[in-house]
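In: Generate coordinates for the sequence data below:
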Amino acid sequence: MERDYSLPFVRNFGIIAHIDAGKTTTSERVLFYTGISHKIGEVHEGEAITDWMEQEQERGITITAAAITCFWIPSYREKGDESHKHRFNIIDTPGHVDFTVEVERSLKVLDGGVVVFDGVAGVEPQSETVWKQADKYNVPRVCFINKLDRTGASFEKSFESIITRLNKNAVRMQIPIGEEGGFEAVIDLLKMKAYYFEGEMGNQVREAEIPEEYVEQAKKYRGELIEKIVENDEKFMNDYLEGKEIPVEDLKKTLRKAVINVDIFPVFCGSALKNKGVQLVLDAVVDYLPSPLDVPPIKGKDPKTDEDIERKADDNEPFAALAFKLQTDPYIGQLTFFRVYSGSLESGSYVYNSTTGKKERLSRIVRLQANDREEVKKVFAGEIAAAVGLKETKTSDTLCDEDNPIVLDPIKFIEPVISLRIEPKTKADQEKMGYALKRLSDEDPTFKVKSDPDTGETLIMGVGELQLEIMVDRMKREFKVEANVGKPQVAYKETITGEAEVENKYIKQSGGKGQYGHVKIKIKPLEELPEGAKIPKSVHRYDDFEFIDSIKGGVIPQEFIPAVEKGVQESMERGVVAGYKMTNISCELTFGSYHDVDSSEVAYKIAASQAFQEAAKRSRPVLLEPIMKVEVITPDKFMGDVTGHLSSKRGQVENVSERGLDKVIDAFVPLSEMFGYITTLRSMTEGRASYTMEFARYEIVPPNVAEEIISARK
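Out: All right, here's what the predicted structure looks like:
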């Protein structure tokens with residue numbers, strides 16, 4: 001089976017934004033204009049195709065990233081000109097901060113992004129978060145300022161907020177004709193033409209001359225745009241300075257290069273709900289966002305030698321793909337979404353998982369249209385598809401050719417900051433609950449399940465209250481499990497602020513073979529590594545822990561060292577202040593001894609665990625609490641009450657700015673103070689204020705608060 005389109009005609013991109021900026025409405029227009037759907041589903045009517053989960057339709061928000069494949073011929077080409085047909089693999093991501101994991105994993109595997117902004121609010125907190133995530137993976141972006149038909153919308157203010165808060169290299173590609181109720185068309189600054197959207201659902205794009213009153217403004221902004229483009233090409237820069245007219249096609253080519261290098265971010269405008277401007281954003285995806293051939297080869301490591309290797313986007317290279325998402329499907333079981341970076345894969349074949357070292361048979365491959373699917377026999381480099389039948393593969397695993405193994409960089413996920421106690425209502429629910437929680441935690445790596453060693457109760461942990469609420473709801477609907485749920489609790493952590501060295505022997509004699517383990521360890525706070533630093537073989541480095549093997553002359557045999565590391569890690573789970581997990585610790589094994597007969601893995605594990613507990617108690621241990629970045633939007637007259645109330649919650653107000661007639665308060669507040677905040681905020685402001693919050697960092701708990709937490713734990 002051969003590829004049915006060539007790689008230069010493929011675009012893998014995501015639609016990302018703050019909650020309520022109109023991502024899903026934009027995605028629905030994309031599906032309509034590309035012919036995937038013959039009717040537009042509206043979010044506010046609970047009919048959006050990409051919001052296919054019941055919980056999404058009820059709440060009117062996106063919870064899970066939906067993958068869609070569709071085709072687009074640029075609107076400036078002849079209708080039906082198949083030679084310019086492009087394949088789009090699109091992921092519509094959630095905007096709510098509790099589901100930021102979906103954005104993270106999508107950006108890891110996408111080549112480009114369309115960032116949607118609300119034309120009234122401009123850049124919002126979650127816009128900044130998704131922008132930073134895209135920066136982290138160096139993803140080229142085009143921007144779409146949406147909702148310009150709404151009261152209070154301003155293209156200029158929104159554009160200004162992108163320049164000041166996100167990146168000064170954003171540049172206007174269009175300006176609107178009219179705003180708010182009078183918004184009717186857009187002006188393309190490169191072509192110097194106006195575009196009107198007519199016919200059924202705005203599907204006919206009509207080109208016209210720019211209305212006279214906009215000509216001067218358009219000329220001014222076109223000058224700025226061309227200056228920004230020619231900065232990236234010396235020849236055109238000289239032509240421009242000499243006053244020569246540079247052809248539009250040359251400007252587009254230069255701009256494309258700059259966008260792919262993440263040097264320029266083109267900004268478009270429109271209103272998805274009113275069917276204006278979306279087709280020109282799709283043209284921009286074709287013109288400026290990269291194909292899989294335009295992005296650098298994917299880098300990974302050889303699992304045998306640990307050497308750096310790379311794979312190019314080529315069907316003839318060895319197969320390499322990254323599993324970036326699991327999803328439970330009620331009809332066909334587990335779907336494993338993967339991005340193919342090189343080579344090809346046939347359904348029914350065996351695939352090697354280099355992360356686990358296991359082989360699995362992949363029964364079917366499907367391409368997704370959100371909640372519909374099309375079965376395919378083979379997938380090629382640059383594609384995104386889903387596999388059926390992979391039981392052992394988890395999010396972030398690498399799938400590859402067994403003869404040419406590679407391990408791709410895993411996706412890093414944020415740690416849970418909130419937990420709930422959960423118990424099954426009946427005996428019958430007991431067994432089903434374990435299965436349901438395992439499936440849900442496989443799907444979402446920020447959703448963790450653990451049992452409390454003291455009480456035997458089950459704890460579920462996540463990044464926000466909404467996420468946990470949705471998980472409990474899904475357990476009930478999809479897995480038919482009824483459960484009693486406790487109140488949300490803060491996921492505190494512990495760490496050390498000093499250093500200590502402890503020696504410990506574990507010796508047990510009980511007739512016959514005894515137990516002997518002897519270790520000396522030194523612990524201190526974990527230091528950040530400089531970028532690009534090489535880690536020696538003797539150091540095992542994790543996100544929040546480092547284990548250094550400094551044993552000389554074999555005083556502890558090599559086979560017992562992993563048991564020492566395991567003992568320390570297990571001891572970190574229990575903490576020493578209030579029983580919370582310990583983090584950010586460097587532990588060095590400096591000395592020890594062994595017994596020819598009695599030494600065992602168990603003995604070294606216990607010796608290390610006891611030594612660590614003792615050392616941690618001597619290293620000035622402290623409690624850490626999650627601090628949230630909070631943004632409150634309130635009418636001016638309540639500002640004093642809101643800031644005063646935040647300060648009483650141990651909050652630090654960082655900044656107060658204006659957005660339209662409202663005040664925007666940015667603050668950092670401990671999560672423990674934020675439960676039930678929405679009720680207080682509404683009663684304080686006649687129901688007119690709203691807020692968003694996201695995890696910022698962990699900080700040391702003040703001593704008086706720490707005492708209360710410790711005594712409550714006892």
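In: the helices in the stretch 51-200 of the chain, which residues?
Out: For the stretch 51-200 of the chain, the helices defined by DSSP state H, counting those that start in this stretch occupy 54-59, 100-109, 125-136, 155-165.
In: Could you give me the buried positions within stretch 206-219?
Out: Neighbour-count burial for stretch 206-219 flags I210, Y214, A218 (criterion: 16 or more other C-beta atoms under 10 Å). Yep, even glycine has a C-beta here, placed from its N, CA and C like the rest.
In: Show me the shaky parts of this protein.
Out: Applying pLDDT under 70 to the chain picks out residues 1-4, 19, 23, 36-66, 77-81, 92-105, 330-331, 368-372, 453-455, 511-512.
In: swap the cut-off to 50 and go again
Out: Within the chain, the stretches with pLDDT under 50 are 38-65, 95-98, 370.
In: Could you name the helices and strands sitting against the strand ranked longest in the chain?
Out: Counting by DSSP state E, the longest strand found in the chain is strand 621-635. Secondary-structure packing of strand 621-635 (3 or more C-beta pairs under 8 Å, 6 or more residues apart in numbering; DSSP states H and E): strand 493-496, helix 639-648, strand 662-670, strand 690-700, helix 703-713.
In: Of all the residues in that strand, which ones are buried?
Out: For strand 621-635, by 16+ other C-beta under 10 Å, it's 621-634.
In: to the chain's geometric centre, what's the distance from that strand?
Out: Strand 621-635 has its C-alpha centroid displaced from the chain centroid by 20 Å (C-alpha atoms, centre = their mean, to the nearest Å).
In: give me the beta-bridge partners of the closest residue to S619 other than its chain neighbours?
Out: Leaving aside its sequence neighbours, S619 sits nearest to I496 (C-beta to C-beta, 6 or more residues apart in numbering; 3.8 Å). Here I496 shows beta-bridge partners P621, assigned using DSSP bridges.
In: I496 and I585 touch, don't they?
Out: Yes: counting by C-beta atoms under 8 Å, I496 touches I585, with 6.1 Å between them.
In: overlap in contacts of the two?
Out: By C-beta atoms under 8 Å, 6 or more residues apart in numbering, I496 and I585 have these common neighbours: I523, K524, P525, A616.
In: now the second one: how far from E234?
Out: Relative to E234, K524 is positioned 52 Å away (C-beta to C-beta, to the nearest Å).
In: what about those two, which has more around it?
Out: Taking neighbours as other C-beta atoms under 10 Å, K524 and E234 compare with K524 leading, 18 against 9.
In: Surely the more buried one forms part of a strand?
Out: Yes: counting by DSSP: H, G, I helix; E, B strand; the rest coil, K524 falls inside a strand.
In: which residues sit in contact with it?
Out: When contacts are counted by C-beta under 8 Å, 6+ apart, K524 touches I496, G498, E499, I585, S586, S619.
In: Go ahead and name everything in contact with stretch 271-279.
Out: Taking C-beta under 8 Å, 6+ apart as the rule, stretch 271-279 contacts 22, 25-26, 28-30, 33, 75, 119, 144, 146-150, 174, 183-186, 195, 197, 201-203, 205, 268-270.
In: Any quick PyMOL command for the buried ones out of those residues?
Out: Only the buried members of those enter the following PyMOL selection, criterion being 16+ other C-beta under 10 Å:
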select buried, resi 22+25+26+28+29+30+33+75+119+144+146+147+148+149+150+174+183+184+185+186+195+197+202+205+268+269+270
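In: From the contacts of stretch 271-279, which land in strands?
Out: Judged by DSSP E, the contacts of stretch 271-279 include F144, N146, Q174, A185, V186, Y195, F197, V205, F268, C269 as members of strands.
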